[in-house]
Every structure is written in structure tokens, then in C-alpha cells.
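# Provided below are the primary sequence and the corresponding predicted coordinates.
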Amino acid sequence: MKNATILLLEDDTALHETLSEYLEEEGFDVVGCFDGESAEDQLYERTFDLLILDVNVPGKNGFEVLREARERGVETPALFLTTRDSAADAERGFESGADDYVRKPFSLKELLLRVQSMLRRRFSHPVSEKMDLGSGLAFDLQNALLYDNGEPVKLAEKPRKLLELLLQRRGDVVTHEVINAHLWGFDESPSEEALRTYIKTLRSAVGKDRIISHKRTGYQFR
């Protein structure tokens, strides 16, 4: 089996070298870029299994590179590296098409676990197919629809988006931070009470034991 190929966009020379060497030692092929335009050129020329993009780089920033790639139909999973702390920046990352992000500073092991998890989801659950949840339930990841014995289940927008997020990361603990950035817009304030209501709604739809609460951390779809 061919090694997964990763595009790494990181302008810090020392960090770039460290990440490249570490990922290559773990069995990945890494194509490195130091600015947005070079990354964009690589995305035109070849396909990748995963994108790791720093936000603050010379030229086009990571948000712009990914947003324009998504507009061209590039569906490769993308992970942002960022020092930014605000919820608005996290949301901007997801709106540009990101699947996950890691805040600097981070451990190499943490990054590896995120990379492995994203690649498992990419190769195990193609977005064009329905995900079989058992007991007659299935979720169409492409259209974000839940089906019960072939019939669509009516869900409001936010519970539906939450279920989609949990299933995209099935088996992983999705943090409150990621959930908040995914569900609420710039002009909205995240609500713990509303989130608990959405979780209750989803448990009623898919089974109360399928969605696990990790106290003070997040939720996990089992």
C-alpha cells in the first residue's frame, strides 16, 4: 500500500523541518511549502491524502488557500495549525473547509494522532456513501441526512450539523471548542444549554447509548 501523501504548509523553517522529518519517520510522504502560492501550485499539480496548513504564512494565508481549493472541488481533508485563539478564527477555519485544527504549541504525538484519525475517516467512510449506523439507521454524509429504515428523519439544522460532525469523527472525542465553532455563527453565542438539548434530540433519534458524554471535554459517537 502506498504511503499517504501530506501537503505541509508551514513558513517557520525549524518547525517545518521538525514536522517533515517526524511525519516521514512515521511513514508518510511529505511535500513541503513555505508560502500560500507554492501550496496552491502543488494543489493544482497533484493530489494529496491530507493537507496540514499553517494559517499565518506569506502571500495567501492558509484560510484563503483552502477556501479556493474547496471552490475548485478539492475535497482532501485539511488540518489547520494556528496560534489564533478566538472563536471567530476557529469558525473561519471551518467555513473555509477545514476538518480540524491544532493550536500551537502542540506535541508531535498529538499531531500524529489527529493525522491518523483523519486518514482513517477518509479511507473508511467515503462521503458519497451512506454510513450504516445499525438498527435500520443510516446517515448520508454527502447530503447530511439521517434515515430510519429508508425514511428521512426530520432534524433541525443545528442537531443535524452536530450529528454530521460527530459521525465524521466517529470514535473520536469531539471537544466543546470544536463543536461550538462548528455550530454557531459569528453573530451567535455558544450555549451549553442548547447543546445539551441537541444531544438529547440526537440520542432520541439514534439511541441514548450511541452518544457518549466526556465531562468537561466533549462528546463521542460510539
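That came through fine. Numbers count the residues shown, from 1 in each chain.

# from here on, contacts and neighbour counts on C-alpha atoms
Fine.

# just the pLDDT at the residue of the chain most remote from its centre, thanks.
Distance from the C-alpha centroid of the chain, by C-alpha atoms, centre = their mean, peaks at N149 (28.4 Å). Confidence at N149, expressed as pLDDT, is 89.

# what's the nearest residue to it if we skip its chain neighbours?
Nearest in space to N149, with sequence neighbours left out and distances taken as C-alpha to C-alpha, 6 or more residues apart in numbering, is G136 at 4.7 Å.

# what's near enough to touch that neighbour?
By C-alpha atoms under 8 Å, 6 or more residues apart in numbering, the contact set of G136 is 147-150.

# tell me the confidence at the closest residue to T82 other than its chain neighbours?
Spatial nearest neighbour of T82, excluding adjacent residues (C-alpha to C-alpha, 6+ apart): R103 at 5.0 Å. With respect to pLDDT, R103 scores 81.

# count of neighbours near L8?
Using other C-alpha atoms under 10 Å, L8 has 21 other residues around it.

# same thing with the one 3 residues further on?
When neighbours are counted by other C-alpha under 10 Å, D11 registers 19.

# hmm, it is touching E37, no?
No: counting by C-alpha atoms under 8 Å, D11 does not reach E37; the two are 12.0 Å apart.

# rewinding a little: so can I have TSV of the contacts of G136 showing secondary structure and distance to M118?
Output for the contacts of G136, formatted as TSV (DSSP: H, G, I helix; E, B strand; the rest coil; distance: C-alpha to C-alpha, whole Å):
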residue	secondary structure	distance to M118
Y147	strand	25
D148	strand	27
N149	coil	29
G150	coil	28
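
# ok, and the most crowded of those?
Y147 (20 neighbours).

# surely it touches L137?
Yes: with contact defined as C-alpha under 8 Å, Y147 reaches L137; the gap is 5.6 Å.

# and the helices in the chain?
For the chain, the helices defined by DSSP state H cover 13-25, 36-45, 62-71, 87-95, 108-124, 157-168, 176-183, 192-206.
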